[in-house]
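**Student:** here are the coordinates; sequence isn't available:
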């Protein structure tokens with residue numbers, strides 16, 4: 001679940017349509033899928049693509065339709081052993097499920113990939129599926145202070161919110177009301193049917209757990225196995241979600257600062273919090289220069305704020321947060337800007353996906369809450385009392401939906417109360433991480449309760465957002481559940497990795513495992529290469545690494561490090 005943010009949109013042009021982009025083909029909604037090789041996108045190389053027509057309004061299936069984009073990695077095992085399709089969603093809202101397929105295909109266990117077609121889709125409004133675009137100058141938006149504290153900054157924040165709202169309304173009109181999670185859950189059922197599966201097998205992360213829980217509420221008899229990792233609490237309103245998320249990031253930053261105090265590898269030692277305050281005070285006065293070659297931006301206050309948030313999503317980024325704070329204090333904002341770019345998924349050419357546009361549109365289609373400037377200012381002050389570092393930023397985000405039209409789709413309370421239907425009595429596994437900043441552990445507990453008795457909670461006592469593919473214990477339990485539809489023992493808790501202290505090891509532990517496996521290196525050589533690369537990696541290459549794309553420079557670092565480590569030099 002992404003941290004909420006305001007956005008700035010440019011003026012609306014004369015050709016804007018005032019509606020969602022409808023499909024023009026004549027086949028009815030829910031027609032069978034026609035798969036073919038994905039073309040025109042290197043990220044989808046080796047995958048199959050298709051589109052599915054779905055109603056804009058599920059209450060009016062005979063009305064207009066839009067097209068959803070899907071991608072598939074067919075099961076690689078024997079045809080007789082195939083279980084069906086595993087549908088995946090990365091969260092957001094606004095992240096691309098199509099792009100997630102390739103990322104998971106390179107990381108998941110062959111036992112799962114042998115027996116499932118791995119299928120992802122872009123939800124309505126996201127990227128390739130009736131894409132919405134409301135924020136035209138994202139670089140400018142990202143630089144703005146998320147915690148405005150002067151009359152001029154507050155006036156600018158209000159103007160930004162209104163511009164984004166008006167841009168969206170002019171371009172898409174009433175169609176915005178159908179970008180809801182309820183509509184996406186109905187889309188998901190049409191996808192299940194088009195895939196030929198009697199029941200759904202699903203893996204959803206973060207906001208993807210909202211899609212999964214909405215599906216379970218509406219279609220409890222059509223579930224084979226749902227995994228909901230990084231759960232969103234279904235019974236909290238947007239204000240309480242923002243409040244508890246702010247407190248989650250506050251705890252995560254405190255954990256980072258505490259570990260930094262006693263770890264000699266932490267570049268921000270001994271007092272990371274004091275260093276943060278010093279940099280925050282400096283960047284409030286004006287942007288910090290960036291030394292990265294070819295970069296024409298400086299580090300602005302908004303970039304700094306989101307750079308810190310970005311690093312708290314994954315403990316593997318703590319080392320780069322520490323480095324970034326130390327460098328920024330010395331007058332170079334390169335690493336902090338790279339961390340902000342990682343959060344915003346900025347491409348090397350300077351372009352951005354529409355994830356934040358879609359995030360805003362989907363959020364406002366899901367909630368009837370409409371907080372104005374006065375509400376946001378009050379909430380910012382309230383949140384800051386329990387979350388002094390992040391509270392005001394989350395409080396101001398509460399006015400993002402001010403002036404938006406009321407939601408059009410009915411959102412049912414998440415519940416399987418009153419008895420479960422056949423097949424759903426043991427079909428849901430909720431995964432919660434004890435120190436998850438973005439979706440706090442208490443949210444996983446609340447979702448498990450709401451989906452009782454069908455849901456069971458699996459706990460990881462680790463750090464960061466979501467647990468699957470980060471913890472071997474969690475990954476093994478989830479894979480077994482996907483394959484057998486049998487949940488692990490009740491109360492299962494997976495310990496954090498206590499054998500090695502990886503808090504400030506950067507990407508070295510994850511890279512080490514890749515080099516041992518796919519790279520075929522010995523343990524000693526893999527460890528040597530991983531440590532050298534983690535120490536030398538350029539901050540900008542973190543983005544490509546997380547997106548599965550290695551720059552020529554990073555490839556060169558890995559090659560030279562491998563040569564040196566193999567030869568023992």
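**Tutor:** Now that the structure is in, tell me what you want to look at. Computed from a predicted structure; not experimentally measured.
**Student:** measure stretch 36-53 end to end?
**Tutor:** End-to-end distance of stretch 36-53 (C-alpha to C-alpha, to the nearest Å): 16 Å.
**Student:** again, but for stretch 336-352
**Tutor:** Its start and end residues considered, stretch 336-352 measures 18 Å (C-alpha to C-alpha).
**Student:** What residues sit buried inside that stretch?
**Tutor:** Neighbour counts using 16 or more other C-beta atoms under 10 Å place 336-346, 352 of stretch 336-352 among the buried residues. To be clear about C-beta, it is placed using only N, CA and C from the backbone, and glycine gets the same treatment.
**Student:** ok, the residues you listed vs residue 552, which is closest?
**Tutor:** The nearest member of the buried residues of stretch 336-352 to residue 552, counting by C-beta to C-beta, is residue 338 at 17.2 Å.
**Student:** so the closest one sits in a strand?
**Tutor:** No - going by DSSP: H, G, I helix; E, B strand; the rest coil, the assignment for residue 338 is helix, not a strand.
**Student:** what sits against the residue nearest to it when sequence neighbours are not counted?
**Tutor:** Of all residues not flanking residue 338 in the chain, residue 539 sits nearest, at 3.4 Å (C-beta to C-beta, 6 or more residues apart in numbering). Residues near residue 539 by C-beta atoms under 8 Å, 6 or more residues apart in numbering: 292, 320, 323-324, 334-335, 337-339.
**Student:** I'd assumed residue 339 was in contact with residue 540.
**Tutor:** No - between residue 540 and residue 339 there is no contact under C-beta atoms under 8 Å: 10.3 Å.
**Student:** Below-threshold pLDDT in the chain: ranges please.
**Tutor:** Flagging of the chain using pLDDT under 70 yields the residue ranges 1-31, 417-426, 498-501, 505, 517-520, 543-551, 568-569.
**Student:** how is it carved up into domains?
**Tutor:** Domain ranges of the chain: 26-132+181-237+411-497, 152-178+238-366+368-406, 508-567, per automatic domain parsing.
**Student:** need these in TSV with distance to residue 146, can you?
**Tutor:** Formatted as TSV, the domains of the chain follow (distance: least, C-beta to C-beta, whole Å):
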stretch	distance to residue 146
domain 26-132+181-237+411-497	15
domain 152-178+238-366+368-406	4
domain 508-567	21
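**Student:** nearest to residue 144, of these?
**Tutor:** Counting by C-beta to C-beta, residue 144 lies closest to domain 152-178+238-366+368-406 out of these; the figure is 4.7 Å.
**Student:** out of the buried residues of stretch 336-352, which one sits closest to residue 166?
**Tutor:** Nearest to residue 166 among the buried residues of stretch 336-352, counting by C-beta to C-beta, is residue 352 at 20.3 Å.
**Student:** what residues are up against that closest one?
**Tutor:** 138-139, 344-346 are the contacts of residue 352 under C-beta under 8 Å, 6+ apart.
**Student:** ok, longest helix in the chain?
**Tutor:** Looking across the chain with DSSP state H, the single longest helix is helix 238-262.
**Student:** For it, name the packing helices and strands.
**Tutor:** Judged by 3 or more C-beta pairs under 8 Å, 6 or more residues apart in numbering; DSSP states H and E, the packing partners of helix 238-262 are helix 272-285, helix 301-312, helix 318-329, helix 373-386, helix 391-396, strand 428-435.
**Student:** Residue 223 is nearest to which of the ones you listed?
**Tutor:** When these are compared by C-beta to C-beta, strand 428-435 sits nearest residue 223, at 7.2 Å.
**Student:** and that closest one, which strands flank it?
**Tutor:** strand 223-229 (parallel), strand 455-463 (parallel) (DSSP bridges).
**Student:** For these, could you give me TSV that also reports mean neighbour count and distance to residue 65?
**Tutor:** Output for the strands paired with strand 428-435, formatted as TSV (neighbours: other C-beta atoms under 10 Å; distance: least, C-beta to C-beta, whole Å):
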stretch	mean neighbour count	distance to residue 65
strand 223-229	26	26
strand 455-463	23	33
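**Student:** mind checking which of these is nearest residue 154?
**Tutor:** Relative to residue 154, the nearest member of the strands paired with strand 428-435 by C-beta to C-beta is strand 455-463, separated by 34.6 Å.
**Student:** who's in contact with that closest one?
**Tutor:** With contact meaning C-beta under 8 Å, 6+ apart, strand 455-463 is reached by 228, 252, 255, 315, 416, 426, 428-435, 441, 444-445, 447-448, 467, 470-471, 473-474, 477-478, 487-488, 490, 492-497, 503.
**Student:** Please work out the angle formed by the directions of that strand and helix 318-329.
**Tutor:** Relative orientation of strand 455-463 and helix 318-329, computed by axes from the mean of the first three to the mean of the last three C-alpha atoms, to 10 degrees: 50 degrees.
**Student:** any idea how far the helix or strand where residue 66 lies is from the chain center?
**Tutor:** For residue 66, the host element (DSSP states H and E) is strand 65-73. Its chain's average C-alpha position is 19 Å from that of strand 65-73, according to C-alpha atoms, centre = their mean, to the nearest Å.
**Student:** between the helix or strand following that strand and strand 223-229, how big is the angle?
**Tutor:** Sequence order places strand 84-89 as the next helix or strand after strand 65-73, per DSSP H and E. For strand 84-89 against strand 223-229, the angle by the same axes, to 10 degrees is 30 degrees.
**Student:** If you count neighbours, what's buried in strand 84-89?
**Tutor:** Those buried within strand 84-89 under the rule 16+ other C-beta under 10 Å are 84-89.
**Student:** What is the neighbour count of residue 33?
**Tutor:** The criterion is other C-beta atoms under 10 Å. On that basis, residue 33 has 17 neighbouring residues.
**Student:** check contacts around the closest residue to it other than its chain neighbours.
**Tutor:** What sits nearest to residue 33 in space, not counting adjacent residues and going by C-beta to C-beta, 6+ apart, is residue 50, at 4.3 Å. Counting by C-beta under 8 Å, 6+ apart, residue 50 touches 33-36, 70, 72.
**Student:** you'd agree residue 391 is up against residue 383?
**Tutor:** Yes - at 3.2 Å, residue 391 and residue 383 qualify as touching, with contact defined as C-beta under 8 Å.
**Student:** so what sits against both of those two?
**Tutor:** Here residue 391 and residue 383 have 243, 246 as joint contacts, going by C-beta under 8 Å, 6+ apart.
**Student:** What is the neighbour count of residue 411?
**Tutor:** Other residues close to residue 411 by other C-beta under 10 Å number 18.
**Student:** Run through the residues that contact the nearest residue to it once chain neighbours are set aside.
**Tutor:** Spatial nearest neighbour of residue 411, excluding adjacent residues (C-beta to C-beta, 6+ apart): residue 182 at 5.1 Å. Contacts for residue 182 (C-beta under 8 Å, 6+ apart) come out as 214, 218, 366, 409-412.
**Student:** now the strands: where do they sit in this structure?
**Tutor:** Shown for the chain, the strands assigned by DSSP state E span residues 36-37, 48-55, 65-73, 84-89, 116-121, 200-205, 223-229, 428-435, 455-463, 493-495.
**Student:** For the last one, which strands pair with it and how are they oriented?
**Tutor:** Strand 493-495 has these partner strands in its sheet, going by DSSP bridges: strand 455-463 (parallel).
**Student:** Thanks again, I'm all set now.
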